[in-house]
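Enquirer: here is my input, please return the structure:
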Amino acid sequence: MRTIRTTLDFERMIPDSLKPGRFVASERNYQKLRFALLGAMIFIALVPVTMVSGLSYYYYHNLLLKTESEQLDWQLDGSVSSMQHMVDSLRSVVEFVAREDRYKELVSGDNLGKVLKRKRDHYGFFADLGVIDSVGVKQAYYGPYDLVGKDYSKEGWYREVMASGVHISPVYTGYRQTPHFAIAVSKIDPKTRKSWVLRATIDALTLQKFVNTIKTNAMDDLFIVDDSGVLQTPSTYYGETFQRYPQAVVDGTHHTVWENGERIFEAVGKIPNTPWSVVLVKKHFFHQTDWMDFKQKLFYIVGGSIVLGLFIIQSLVNYLVNLIRRKDELQMTMLKEAEHNDKLASIGRLAAGVGHEINNPLAIINEKTGLIEDLLTISSEFEYKDTIERNLQGINTSVERCKAITHRLLGFARHGKVKTEVFEINDLIREVLTFLESAMLYNRISTSLHFGEHLPPLKSDRMQLQQIFLNIINNAIDAIGKDGEITITTSQLAGDVQVIVQDNGPGMEQEVLYRIFEPFYTTKDMGKGTGLGLSITHGLVKKLGGDITVHSNLGMGTAFTITLPIEGAAHDREER
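Expert: Predicted coordinates for the structure are as follows:
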C-alpha cells in the first residue's frame, strides 16, 4: 500500500476525533467500552452466584460419591464373603474325599468312580476325579477321557499344589471345550510317607449359580474375573465367559465408567486363596432421585439468575453506551460541519488561484496558436503545412479541454450550470479510452469491455462525464502500475445507467476507503497528487444527479460503481 500524504496545512488543524481514521477508532472504543462495562458488571453480579452454585454442586456431589463408595464397599464385602464361603465349601468336599489314608482305596478298582457318583448325586457339579502319585503320574481317573498314566510333573498347577497343599485353577475349556475349573489338594500317605494329589474338575456353571444366589436388585451387574482380567462368568456389560474385563483387577479398587452419558460405578474385591475377584457394577447413585432433583433445582435457580442478570446488565450497558455515543456524535457533527465549510472555503481559494494561474498561460498559448494559424493561412504551400495545421488543431482542442477542467474546478466550490445533451454512454467511454490509450500501452494495461446492448441514450453533461471517467480510469492506471487489467461494465438498472470500472491493482485498506472522496486526501507520494481528482469526481457525479460508490479489498483490486439517471439532473440546475 502506498504512503498516505496530505497537501494542506489545515488538515493538521482538524480535531483527531473528526478524522475518519479516528472516527473508526472511536467506534472500536465504543465496543471496548461496551465490553469493559459488560465484563465488570457480569463479574460483580454473576461470579458470586456462579461460585456459590459451583461450591454447592461440588460438595453435594462429593458427598454422594462418598456415600456411593461406602455402599459399594458394603455390598462388595458381602458378595466376596458369600463367594469365599461357597468356594471353601467346594474345597472342603474335595478335601473330605482326599483323606490321607484313602490313596490305596481310591486307586484300586472302580472305587474312584463310586466316589464320583456319590458326589454327583449329592452336589451335581463334579465333572471328573483323578488321583496323581508323588512323581506326577495319574494313577486313577474317572471321567469322559482316558487320562490314566498321564504325566503332570511339569505342570505349574501340580508344583503349586505339592508346595501349598491346594490349588484352584481359573476357568478353562480343556478337552471338553466347555468352561470348567479344577480344585486339587495334596495329601501324604501315612504308610508310604509319599505325597499324592486328588484333582476334581467342576463345571463353570457352578460359579454362575453361586453369583446368581448373591446378586440382588441393588446391583446392576455382578461377575467374576481372574487375576489377568478374563471373565469367569458372563457379564451384562462386558460379554460372555472368557471375554476381557477392560479395567485393572486390583483388590479394593473403584472405577467410574461413562456409557451413553451415564455414570457407572464399579468395585473390585479379591476372593482370598483363589485366582478370582468379584466385580460389582452399579448404575447411577443409590440416591439418584435426590441427585437429579438437586441438579434440576440448581440449574433453574442459577440459569434464571444468569439470564435475568444478563438481560438487566445488557440493557443498562446499551443505555449508557448509546447515551455517550449520542453526545459524541452531536459534538462530531458540529465539528464535522465546521471542517467541511473550512475545506470548501479552502478549495474555493485554491480553485480561484489555480484557474487564474492556468488560464493566463492558456490564453497566451491560444493567442500564439492563432497567430501561427494566421501565418499558415497567408503562406504558400510547403511540405509539412498539413501536419502543422493538424497539430495546431490538437493544441486548440487541448487548450479548450484545460479551460473546461479549470471551469469545473471552480464549479466544485461555487455555483455552475449543467449543460445537457443526448449521447450514448458506451461511445463516451470509448472516446475517453482513446485519450488514455498511450498511458495504458506504456504500462502494459489491457482493457476488458462488457458493454450492455440497447442501452437508452443518456441525457447529461457530456464534458463533465468525460472528466469523471478520465479521473477514475487514470486513478486505476496509477493504482495498477504495470501489467494489469481494467474491466468496464455498463448496464441499465431501472431508470438509471450503471457503469462499473474495476481494476486488479493492490486494493485499499478500509481506513483509506473511508476517506477516498475527501478533498486533498491522497495515497500518492508527495508531489504526485493533489487529492482533488476523486473529490471533484464525487462532486460532479452528485451534481449530475447520480451516485458513486467504491469497493476494495487488499490484494483483490478496486471497483468504482457510477449510477447515472437516464434523463439526467433537472435542466440547468445549479449545483448547491
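Enquirer: and the pLDDT at His407?
Expert: At His407, the pLDDT value in this model is 68.
Enquirer: to clarify, my last question referred to Asn341.
Expert: For Asn341, the pLDDT comes out at 53.
Enquirer: ok now do Ile168, which residues does it touch?
Expert: Residues in contact with Ile168 (C-beta atoms under 8 Å, 6 or more residues apart in numbering) are 87, 91, 181-183, 273-275. Glycine gets a C-beta too; all of them are placed from N, C-alpha and C.
Enquirer: in a helix, Val93, correct?
Expert: Yes. Note on Val93: a helix contains this position according to DSSP: H, G, I helix; E, B strand; the rest coil.
Enquirer: tell me, how many residues neighbour it?
Expert: Using other C-beta atoms under 10 Å, Val93 has 18 neighbouring residues.
Enquirer: which residues does it contact?
Expert: Contacts for Val93 (C-beta under 8 Å, 6+ apart) come out as 119, 123, 200.
Enquirer: check Lys270 too.
Expert: 80, 251-252, 276-277.
Enquirer: just Asp496 next, same as before
Expert: Each residue near Asp496 by C-beta under 8 Å, 6+ apart is listed here: 546, 563-566.
Enquirer: ok so, going back, out of the contacts of Lys270, flag the one nearest to Leu129.
Expert: Nearest to Leu129 among the contacts of Lys270: Trp276, at 22.1 Å, using C-beta to C-beta.
Enquirer: how about the helices in the stretch 151-300 of the chain?
Expert: Taking DSSP state H, counting those that start in this stretch as the test, the helices found in the stretch 151-300 of the chain are 156-164, 205-214, 288-378.
Enquirer: centre of the chain to the longest one, how far?
Expert: For helix 288-378, the distance between its averaged C-alpha position and the chain's averaged C-alpha position is 33 Å (C-alpha atoms, centre = their mean, to the nearest Å).
Enquirer: just checking, what packs against it?
Expert: helix 10-13, helix 20-97, helix 385-413 (3 or more C-beta pairs under 8 Å, 6 or more residues apart in numbering; DSSP states H and E).
Enquirer: which of those helices sits closest to Phe265?
Expert: helix 20-97 (5.9 Å).
Enquirer: could the helices and strands packed on helix 288-378 go into CSV alongside distance to Gly533?
Expert: Shown next, in CSV, are the helices and strands packed on helix 288-378 (distance: least, C-beta to C-beta, whole Å):
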stretch, distance to Gly533
helix 10-13, 17
helix 20-97, 18
helix 385-413, 11
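Enquirer: of all those, which one is nearest Thr289?
Expert: Comparing these by C-beta to C-beta, helix 20-97 comes nearest, at 11.6 Å.
Enquirer: what's downstream of that closest one, the next helix or strand?
Expert: On the C-terminal side of helix 20-97, the nearest following helix or strand under DSSP states H and E is helix 103-107.
Enquirer: contact partners of that following helix?
Expert: 97, 111-112, 115, 131, 139-140, 187, 189, 192, 196, 198.
Enquirer: list the buried residues of it.
Expert: Counting neighbours by 16 or more other C-beta atoms under 10 Å, one finds that the buried residues in helix 103-107 are 103, 106-107.
Enquirer: and the spatially closest residue to Ser169 that is not a sequence neighbour, how many neighbours?
Expert: Of all residues not flanking Ser169 in the chain, Ala182 sits nearest, at 4.5 Å (C-beta to C-beta, 6 or more residues apart in numbering). Neighbours of Ala182 under the rule other C-beta under 10 Å: 21.
Enquirer: what bridges to Ala182?
Expert: For Ala182, the beta-bridge partners are Thr201 (DSSP bridges).
Enquirer: one step back: most neighbours, which of the contacts of Ile168?
Expert: Counting neighbours by other C-beta under 10 Å, the top entry in the contacts of Ile168 is Phe181, with 24 neighbours.
Enquirer: contact partners for that residue?
Expert: Residues near Phe181 by C-beta under 8 Å, 6+ apart: 168-172, 201-202, 204, 207, 232.
Enquirer: from those residues, pick the one nearest Arg263.
Expert: Nearest member of the contacts of Phe181 to Arg263, counting by C-beta to C-beta, is Gln232, at 25.9 Å.
Enquirer: the closest one contacts Thr241, correct?
Expert: Yes. With contact defined as C-beta atoms under 8 Å, Gln232 counts as touching Thr241 (6.5 Å).
Enquirer: more neighbours: the two, which one.
Expert: Gln232 (25 against 19).
Enquirer: how does this structure divide up, domain by domain?
Expert: Using automatic domain parsing, the domain parsing of the chain gives 98-203, 416-565.
Enquirer: pick out the shakiest of the ones you listed, pLDDT-wise.
Expert: Taking the mean pLDDT of these, domain 416-565 comes last: a mean of 85.
Enquirer: which one of the contacts of Val93 has the most neighbours?
Expert: Ala200 (24 neighbours).
Enquirer: so what's that one up against?
Expert: Here Ala200 is in contact with 93-94, 97, 126, 128-129, 182-184 (C-beta under 8 Å, 6+ apart).
Enquirer: follow-up on the earlier one: of the buried residues of helix 103-107, closest to Gly481?
Expert: Nearest to Gly481 among those: Leu106, at 109.4 Å, using C-beta to C-beta.
Enquirer: from Ser92, how far out is the closest one?
Expert: According to C-beta to C-beta, to the nearest Å, Leu106 stands 18 Å off from Ser92.
Enquirer: just Val268 next, same as before
Expert: Applying C-beta to C-beta, the value for Val268 to Ser92 is 26 Å.
Enquirer: which one's more surrounded, the two?
Expert: Neighbours were counted for Val268 and for Ser92 using other C-beta under 10 Å; Val268 has more, 21 against 11.
Enquirer: my guess is the more buried one contacts Gln247, does it?
Expert: Yes. Taking C-beta under 8 Å as the definition, Val268 is a contact partner of Gln247 at 7.5 Å.
Enquirer: picking up where we left off before, pick the most deeply packed of the helices of the stretch 151-300 of the chain.
Expert: helix 205-214 (a mean of 17; mean count of other C-beta atoms under 10 Å).
Enquirer: tell me the average confidence for it?
Expert: Helix 205-214 comes out at a mean pLDDT of 90.
Enquirer: run the chain-centre distance for it.
Expert: Relative to the centre of its chain, helix 205-214 is centred 53 Å away, using C-alpha atoms, centre = their mean.
Enquirer: and the gap between the nearest residue in space to Tyr175 that is not next to it in sequence and Gly130?
Expert: Using C-beta to C-beta, 6+ apart and skipping the chain neighbours, the partner closest in space to Tyr175 is Tyr145 (5.6 Å). Using C-beta to C-beta, Tyr145 is found at 10 Å from Gly130.
Enquirer: again with Asn111
Expert: Distance from Asn111 to Gly130, by C-beta to C-beta: 13 Å.
Enquirer: quick one: which of those two has more around it?
Expert: Gly130 (25 against 16).
Enquirer: measure the more buried one to Tyr172 for me?
Expert: 15 Å.
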